[in-house]
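Peer 1: Need a 3D model of the following:
(3 chains)
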Amino acid sequence: MQIDKGKITAVQFMFSVACYMQASSLLTAFFVGITKQDSWIVVILAFLVCLPFLFIFISIMRNFPDKNLIQINTLVFGPVVGNIISAMYIWYFLTLTSLNLRDLSDFVHQTIMPKTPSIVIMFLFLLVCAWAVRFGIGVVTRYNTLFSIIQIVILALAVVFTANLIDFQNFLPMFDQPAMEYVHGTHVVSTIPFGEVVVFLMITPNIKLPPKKISKFFLWGFVIGGIVLVVVILRDTAVLGNVLGLFSLPSFETQRMASLMEALSRLEIMFASVLIILLFAKVTFLYYVTVLSLAQIFKFETFKPFILSIGALAIVYAFILYSSSMQHVESGTNATPILWTLFEFVLPMLTLLIAKMRKLPQTEEVV
Amino acid sequence: MKKNFTTSVNRIISVILCLSITLLTTGCWDSKEIDTISIVTGIGIDTSQNPDEINLTAQIGKTQPSGGALQQDSAGGDNDSFLVMEATSKGILSAFESMNTKNSRTPFLQHNQVIIFGKEQAEKGVQSYIDVFLRYYQMRMEVWFLVADSKAKDILTVKTQPEKNSAISLSEILRDETNISESLRINLKDFVSRLIEPTSSAIAPIVSVQKGIDTTFLAVDGMAIFKKDKMVGQLTSKQIDGYIWTMGRIKEIPLEISLDPGYGNMQAFNIKCSMKPIIQKDGVISVSLQIRGQMVLDEIKGFDSMNLNEIVPLLQRAANEKVHQDIMNCLSEAQRLNSDIFGFGTAFHRNYPKEWKSLKNKWDQLFPKLKINTDIKLEIINPGKIGASLNMEDKK
Amino acid sequence: MFIKFLVKKITFLFKQNQTPPIETQSAEKKTKGLSDKLKDNIDSLKLIFGDSGDLKIHEILFGKNLELSGALIFIDGLVDSKTITESIIKPLILNKNIGDGMEIENMSMDIIKKTILCSGDMSEIKDQTQMIEGCLAGETVFLLDGFKEALLISTKGWEKRNVTEPQTELVVRGPREGFTEDFRTNTALLRRRIKSPDFKMEQMKIGRKSLTDVCIAYIDKVAQPRIIEMVKKRLEKLEVDSILDSGYIEEYIEDAPFSVFPTVGYSEKPDVIAGKLLEGRVAIIVDGSPFVLTAPYLFIESFQTSEDYCIRPLYASVTRMLRLMAYFISIFTVPIYIALTTFHQELIPTTLLFTFANASEGTPFPSFIEALIMVFSFEILREAGLRLPRPVGQAISIVGALIMGDAAVAAGLVGAPMVIAVAFTAVAGFVIPVQIDSVSILRFILMVFSAALGGFGIAIGLLGILVHLASLKSFGVDYFGTVIPSQDLQDSFVRMPLWSMSGRPKDIAYIDKKRRKTFIPSTRRSNDHQET
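Peer 2: Predicted structure coming up:
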């Protein structure tokens, strides 16, 4: 049973993946504190580490072209274990939604509106998200192409505007940190922005393309997202140098430095607006996925009744997740990556293995 | 049909109600009308009698009402474009807060152009007062960092021309690349970046008030040298030239050569400098500096009995010698103060990350003995609009 | 017994199944035949029309011995009296041979129709309703004593406006014809442009009282049957008593009546409508309205003008982008100004900030109120200037814009930058006349958002607008298009050369998707040149 019958094109899917990852460029503070000027190496390493897992996701998609993650879980692990795993995934999706919501409100709070209470920011933001979610996958992913391209253009502009501040000496010395730091950093990057693409397993049935061709688009989306992240890190490092690690929002500080003559200075608004737009895309998608999987697990015919309740839950959850943004960064660097590994790498791998062992998709076809 | 209509109307009304309630009952925490803020353009920090406190000077841009509405004259004198407020307190923000009681408007720091430390305060240490400039959300990293030759307050109270507001005029001076070399423009990021590096020493330009014919103006001449966060000495303008050459971020620089037979003025351009730290096999460290560039002859005086072909090599050699001398002067001053203002330590760190681990702890002993090998080649490629000088032709 | 019971039961069932009373009444009317007595017919007609002064009943006697008596019934003003005299009365009265050598029983309407009357469009009718409807549509009814049939003779002819250049969509280059209020003229204007038999016009009457002619026009195989069906179904569903303008229809059939964005398009120019028909859209022509509707209507169509296709593509693209920019400027300038001056002063360059600060020094109101006053007074001025005769309208705009604005600034009530922002916004808004309602409403909403939450509020508002746009559908087609990517981009932000736009819009067109079979790249055309 497919709840949302909307279809999206392959290109939309590709840019949704890219957009999703681009939205994470805010979270660089999690690992620049660990690996400093070598963070870009860590991003590339994480990218390479994630590639095999990406192929695991892709082969899951191929094996179950008309099933989303929740349905696959029930099919592969049986109804009891499958539902437990699905419930865990729902918690994971909800947590991601709340985390990103919290990120947005912290960002707005720290940079442009220090006195406005977070609840207002979150409430209004989630209201718009909820409105988009109501209309299903078509509206949720509709603008991702546009957003993704806008972000790339703004990024390119920002690189141009900061060109006079770039000092390539700032990348030296390379590989100066202890090896464990690189492992740690790679782990953080591979789980926090990169591995999160596991959420796209929820929309496999909505892609208007034979699943065999999906791999190309998934990969390209992933590559675009990865490149953007690398460029952001490279720019921040080149501009800020050793000050990079001091800030909780290095990209924002970099943008504040950018100027092209005096008249075109103070361009952080570009960054801020692009970030809000991208986070909108990301939160909306996660919100949608949460609501959809909940409707799926309870076998509802529509996900609409869940929207507002999940929204309220997400806001409350966002408040109780962390007491401060320091704690957020702390757990982002140390605790979350380990937990996320389960959802992003271990479970998909297990799913694929068991599915292969039980030769599941074939039996399904016979039935 | 009818049911649809009523539900959609209900829905729209509920959305409108929801939005208007959130917007109207909650909005406007951060809204600050433009005429309720005082735009701070410069911050000066001086010592006060109490060693624990500082004396903060804030220069606030004053707005002139346009149109017919007349405004009462406010403190600070007639027709000034700015007013200056002072407060003494333990921290910078607390000083601003104590100013608030005297000012009807809240200070707005996002447009702050300069941070000026008084000389005395700079000598006492700046680090404890820099934190706020990084942490507080209204502070920006591109603000210029300066040291006053006496008190910061004097700099911020002076009236300048044509820019009436001294802080803005100072930032204009610093922004314009023809006025000042890039390596002398220190913004907060550069300063902090030097400060958190364990070996290198920060520098900051020194600004002083000077009397002109009928106006006063601000001049940036001299550099303050910091050791850790304390100012320990300063470079003279000659030594600054040496510093500029060493740091290598120059596009154009005038060179003035006085020799026995005459005087020459040249403009050096197209300059390429490369600084390379070297660790020899026996562990001796040195820095090699390669400078390549071209010069245009702009002015000569004297050289009576010589023709141009003789003058050019003479000036060229003298120019190279002079650059070398400047660099050495600057280095010896830095070495005397044991302040690695050139960032040589960082350069060693970047190029020899392995060896650096042992060098790092001995850097204070190594730096005063560090040798610079210069390899300077500046060539005159263009004698200017005329060939021979007027008096030279007379001789022929 | 049993059979009787059954019959009773069945009749009862039938009664239950019967349609609502209004319809039965009309059904009864329809079945009422004509009497063979002329007097009866005339009397019943008089009863129906009452004292309507424009109903003319012209009785004539004709035949060799004047033994035949008939009547011509028509509505004065709807008919061309010259046609009546020339082609009906003259042949009847002057021809003394009528009935000659013929028994009156052998006479028939058919003979009169075929041998005597000189008109191209005649039909024989037998019932009263048809007669009345014909009368009301401008036809002349010919009744003959002793016959149960009547003749309906087309004599339509009333005062109508000439085909003139429309006032709303002025062009520098391109056709200048505009639709008129006359239904037939309008269909003819379209038919003249598309001469293919595939061009279908399905006619229907809407409105219980007004009985307005409405025509659904489309090109077979180019327009999607799904969309045609949807339009037809929505039109058939209409249960209204009158349609006085195509705007009525628009309101009844549009997808999102409460949206600020129009989902049904209109135009006054036949070339525009023909272009849209050829893209696979459906046009709705309404009698009495010079505005022809098109559906589905997409967002990007607001930025396309007929002139875009008449001028060369490069400049057309530039102007189109200019229009898009003007749209955004018109919505966002004032909200952004409010957000900048009340929330994000840090984003204004220092010198500009001092300019703004000087301007707002001494003005008593917060920016939002200032903007509200200005925008409000602008809307009032616009409304005032719109309805008045042109010379007066100009005077009002001079008084309003120049004197009031200048005085407000001079008096220190409003800052000069705000006046500039609002004036600029206003001018930019006029660039896209179709979207003017969405512009002014959205501007106001965003102003409230930005006054409450600054830049974040604008972002939220913008995202809300985007979500709304994405969810809108016009007759099953995505209103905002598929955004990116789409081959329809050829005719969106830019207008590619016509030779490169070989396909019709992907979302709209049906089987016949190509405008032209082969693609002619510009290089080949240059080759042609060399060969010759």
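Peer 1: can you pull the contacts of residue A:97?
Peer 2: Residues in contact with residue A:97 (CB atoms under 8 Å, 6 or more residues apart in numbering or on different chains) are A:283, A:286, A:287, A:290, A:314. Heads up, the C-betas are built off the backbone N, CA and C, glycines and all.
Peer 1: Not counting its neighbours along the chain, what's nearest the first one?
Peer 2: Yep, that's residue A:283 we're talking about. Excluding its sequence neighbours, the residue lying closest to residue A:283 (CB to CB, 6 or more residues apart in numbering or on different chains) is residue A:100, at 4.9 Å.
Peer 1: Doesn't the one you found belong to a helix?
Peer 2: Yes: under DSSP: H, G, I helix; E, B strand; the rest coil, residue A:100 falls within a helix.
Peer 1: Surely it and residue A:286 touch.
Peer 2: Yes: between residue A:100 and residue A:286 there is a contact under CB atoms under 8 Å: 6.4 Å.
Peer 1: ok, those two, which is more surrounded?
Peer 2: Taking other CB atoms under 10 Å in any protein chain shown, residue A:100 and residue A:286 do not tie; residue A:286 has more neighbours (28 against 25).
Peer 1: ok, so what distance separates the more buried one from residue A:140?
Peer 2: 10 Å (CB to CB, to the nearest Å).
Peer 1: and chain C, which of its residues are near chain B?
Peer 2: Contacts of chain C with chain B, taken as CB under 8 Å from any CB of the partner chain, map to C:258, C:341-343, C:345-346, C:350, C:353-354, C:356-363, C:366-367, C:409-412, C:416, C:448-449, C:451-454, C:457.
Peer 1: Verify the stated contact: residue B:300 with residue B:258.
Peer 2: No: applying CB under 8 Å as the test, residue B:300 and residue B:258 come out as separate, 11.4 Å apart.
Peer 1: where does the residue nearest to residue C:165 when sequence neighbours are not counted land in three-state SS?
Peer 2: Leaving aside its chain neighbours, residue C:165 sits nearest to residue C:176 (4.4 Å; criterion: CB to CB, 6+ apart). At residue C:176 the chain is in coil, as set by three-state DSSP.
Peer 1: list the contacts for the residue lying closest to residue C:68 once chain neighbours are set aside?
Peer 2: Nearest residue to residue C:68, sequence neighbours excluded (CB to CB, 6+ apart): residue C:62, at 5.3 Å. With contact taken as CB under 8 Å, 6+ apart, residue C:62 is in contact with C:68, C:70, C:92, C:93, C:95, C:98.
Peer 1: Any part of stretch A:135-152 near chain C?
Peer 2: Yes: contact of stretch A:135-152 with chain C (CB under 8 Å from any CB) involves A:135, A:138, A:139, A:142, A:143, A:145, A:146, A:149.
Peer 1: Can you tell me which of the residues of chain C next to chain B end up in helices?
Peer 2: Among the residues of chain C next to chain B, DSSP state H puts C:341-342, C:350, C:353-354, C:356-360, C:367, C:409-410, C:416, C:448-449, C:451-454, C:457 in helices.
Peer 1: pLDDT weak spots in the stretch 51-200 of chain C?
Peer 2: Scanning the stretch 51-200 of chain C with the threshold set as pLDDT under 70 gives C:97-107.
Peer 1: and with 90 instead?
Peer 2: Low-confidence segments of the stretch 51-200 of chain C (pLDDT under 90): C:51-177, C:182-184, C:196, C:198.
Peer 1: show me the contacts for the closest residue to chain A within it.
Peer 2: Among the residues of the stretch 51-200 of chain C, residue C:169 lies closest to chain A, at 29.9 Å counting by CB to the nearest CB. By CB under 8 Å, 6+ apart, residue C:169 lies in contact with C:178, C:267, C:268, C:269, C:272, C:305, C:306.
Peer 1: give me that answer again for 10 Å
Peer 2: Going by CB atoms under 10 Å, 6 or more residues apart in numbering or on different chains, residue C:169 touches C:176, C:178, C:267, C:268, C:269, C:271, C:272, C:305, C:306, C:307, C:433, C:434.
Peer 1: now the residues you listed: which count as buried?
Peer 2: Using 16 or more other CB atoms under 10 Å in any protein chain shown as the burial test, the contacts of residue C:169 include C:178, C:267, C:268, C:269, C:271, C:272, C:305, C:306, C:307, C:434 as buried.
Peer 1: for the fourth one, phi and psi?
Peer 2: In this entry, residue C:269 is assigned phi and psi values of phi -110, psi 130 (degrees, to the nearest 10).
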